[in-house]
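Enquirer: next come a sequence and a model predicted from it.
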Amino acid sequence: MNLPAPAAGTPVAEDWRAGGFGVYVHWPFCLSKCPYCDFNSHVAGAMDQERWRRALLAELAETAREVPGRRVDSVFFGGGTPSLMPAETVAAVIDAIAGHWQLPADAEVTLEANPGAVDAARFQGFRRAGVNRISIGIQSLDDESLRRLGRLHSAAEARGALDLARAIFPRVSFDLIYARQYQDPAQWRAELAEALALGPDHLSLYQLTIEPGTAFAARHARGRLPGLPDADTAALMFEQTQEICARAGLPAYEISNHARPGSECRHNLIYWRLGDYAGIGPGAHGRLTRGGTRLATANLRAPEAWLAAVETRGNGREGVQALSGTEQATECLLMGLRLTEGVALARLARLGAAPDPGRLAMLAGEGLIWTRAGRIGVTPAGRLVLDAVIAALAP
């Protein structure tokens, strides 16, 4: 499915350049499926690596033909487990991006890795390919918690992968999950202190959620997922996370992401600032502006279906939707209010969806939002009820 021709008439006056342009490449394969994961990931079997490489390059070429002349601010290899990719494929994709668009020497190029799927030779191959930032899915520094989460690595292996990554890449981030089974606030404080003692520049800290369709959801429905903290305890852990990380010099720049100033993930900022991004690979989503119309793209999720579609027509899309001003404004609130910097009111007004002044005053009076310098954002109290704040402001 190709992008439609530029729309006739007056387009919505929205400029994606405010957020930038990125390329997301999805590698859907893993060594195993984690029971909490609802991402488009599949256990890897035997595969034709050359065929997959050709398909990724073909979809990139088709997308570049549709939106030529872009400057790429970031590239992100996500999954799945991209650290299972051959370094030759990563290099070919990065070289193709640089050939189709402008890829500055200082562009951020991130690859996600799991501790059980890395070694020195593999990391060195990714670095030679052009990767300059690694994001490691550590998830816990406790072996029993890792077992409950279905992870294949130990805490010692996670620390080893982190040390190895730091020796090779200029920028390294890692993820942790909290509000896990049998975890209390004191245990989370201790684990977070241990993580901060490792000296990270960027941390992604996610509350465990039971997502529909996951193995955890099935267990939970049968009453076989004991020990989960209640909502109040989980909220306390969230508040602890914000306070502890801020004191350590890694304030939250987004609800679940913390960084030393200057070490924020540029690629994710493109999403949250409503920039454009190309989605390449099975299940990848994109936002592409063409002829003044902002388009939402979605790829086929099943790896073999995506592969066959690319080989037939040059891309693996299952849908393309033109977004109205109202839809863009809603997305702007959903994404932008996650950021500490908030959202520009003028941007919402351009989309024809300036928030009602009375609602703004009400939410500000309740201590849930702030307004200053032409922007709105959520307060610490507002972050705890973000969905309700967005519902109150949405057009």
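Expert: Nice, I can see it. Residues are numbered from 1 along each chain as shown.
Enquirer: can you give me the helices for the stretch 251-395 of the chain?
Expert: 266-272, 303-313, 325-336, 345-350, 357-365, 380-383, 386-393 (DSSP state H, counting those that start in this stretch).
Enquirer: need the contact list for the residue nearest in space to the middle of the chain.
Expert: The chain has N268 as the residue nearest its centroid, 5.6 Å off, counting by CA atoms, centre = their mean. N268 makes contact with 254, 257, according to CB atoms under 8 Å, 6 or more residues apart in numbering. Placement of C-beta: from N, CA and C, glycine included.
Enquirer: any idea how far P185 is from it?
Expert: As judged by CB to CB, to the nearest Å, N268 and P185 stand 27 Å apart.
Enquirer: low pLDDT regions in the chain?
Expert: Filtered on pLDDT under 70, the chain yields the residue ranges 5-14.
Enquirer: go through the helices of the stretch 251-395 of the chain and pick out the most buried.
Expert: helix 266-272 (a mean of 22; mean count of other CB atoms under 10 Å).
Enquirer: off-centre distance for that helix?
Expert: Here helix 266-272 is found 8 Å from its chain centre; the criterion is CA atoms, centre = their mean, to the nearest Å.
Enquirer: alpha carbons only: can I get it in CSV?
Expert: Taking Å, rounded to 0.1, in the frame of the first residue of the first chain, the C-alpha atoms of helix 266-272 are listed here in CSV:
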residue,chain,number,x,y,z
ARG,A,266,16.5,12.0,20.6
HIS,A,267,14.6,9.4,18.7
ASN,A,268,11.8,9.1,21.3
LEU,A,269,11.6,12.9,21.5
ILE,A,270,10.6,12.8,17.8
TYR,A,271,7.6,10.7,18.8
TRP,A,272,6.7,12.9,21.8
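Enquirer: would you reformat the helices of the stretch 251-395 of the chain as a markdown table and include distance to P282?
Expert: Converted to a markdown table, the helices of the stretch 251-395 of the chain look like this (distance: least, CB to CB, whole Å):
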| stretch | distance to P282 |
| --- | --- |
| helix 266-272 | 19 |
| helix 303-313 | 4 |
| helix 325-336 | 23 |
| helix 345-350 | 32 |
| helix 357-365 | 40 |
| helix 380-383 | 33 |
| helix 386-393 | 29 |
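Enquirer: so which of those is nearest L192?
Expert: helix 380-383 (17.1 Å; CB to CB).
Enquirer: quick one: contacts of the closest one?
Expert: Applying CB under 8 Å, 6+ apart, the set of residues contacting helix 380-383 is 238-239, 242, 255, 363, 367-369, 389.
Enquirer: do the same with stretch 32-45
Expert: The contact list for stretch 32-45 (CB under 8 Å, 6+ apart) reads 26, 28-31, 79-81, 84, 149-152, 177, 208-216, 219, 282-283, 301, 303.
Enquirer: go on, stretch 198-212?
Expert: Contacts with stretch 198-212, where a contact means CB under 8 Å, 6+ apart, come from 36-38, 135, 159, 162, 171-180, 192, 195-196, 216-217, 220, 225, 228, 234, 237-238, 241, 245, 250, 256-260, 263-265.
Enquirer: which ones among the residues you listed are found in helices?
Expert: 159, 162, 192, 195-196, 216-217, 220, 234, 237-238, 241, 245 (DSSP state H).
Enquirer: narrow those to just the buried residues.
Expert: For the ones in helices among the contacts of stretch 198-212, a burial check counting by 16 or more other CB atoms under 10 Å picks out 159, 162, 192, 195-196, 216-217, 234, 237-238, 241, 245.
Enquirer: for the residues you listed, name the two members farthest from one another.
Expert: Pairwise over those, using CB to CB, the maximum falls at L196 and A217, 31.5 Å.
Enquirer: wasn't G69 part of a helix?
Expert: No. In this structure, G69 is coil, not part of a helix, as judged by DSSP: H, G, I helix; E, B strand; the rest coil.
Enquirer: contacts only, for it.
Expert: Counting by CB under 8 Å, 6+ apart, G69 has contacts W101.
Enquirer: now S173
Expert: Applying CB under 8 Å, 6+ apart, the residues near S173 are 133-136, 200-204, 265.
Enquirer: kindly report the same for R313.
Expert: Applying CB under 8 Å, 6+ apart, we find R313 in contact with 1-2.
Enquirer: roughly how far does it sit from N2?
Expert: For R313, the distance to N2 - CB to CB - is 8 Å.
Enquirer: of the ones in helices among the contacts of stretch 198-212, which is the nearest to E331?
Expert: F238 (23.7 Å).
Enquirer: how about that closest one: what's its closest non-neighbour residue?
Expert: Q207 (6.3 Å; CB to CB, 6 or more residues apart in numbering).
Enquirer: cool, A55 as well?
Expert: That would be V310: by CB to CB, 6+ apart, it lies 4.4 Å from A55.
Enquirer: only the buried subset of the contacts of stretch 32-45, as a ChimeraX command please.
Expert: Of those, the buried ones go into a single ChimeraX selection, burial set by 16+ other CB under 10 Å:
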select :26,28,29,30,79,80,81,84,149,151,177,208,214,216,282,283,301,303
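Enquirer: which members of the contacts of stretch 32-45 occur in helices, if any?
Expert: Counting by DSSP H, the contacts of stretch 32-45 place 215-216, 219, 303 in helices.
Enquirer: which two of these have the greatest separation?
Expert: Within the ones in helices among the contacts of stretch 32-45, two members stand farthest from each other by CB to CB: R219 and P303, at 25.9 Å.
Enquirer: show the contacting residues for R301.
Expert: So R301 contacts 40, 282-283 (CB under 8 Å, 6+ apart).
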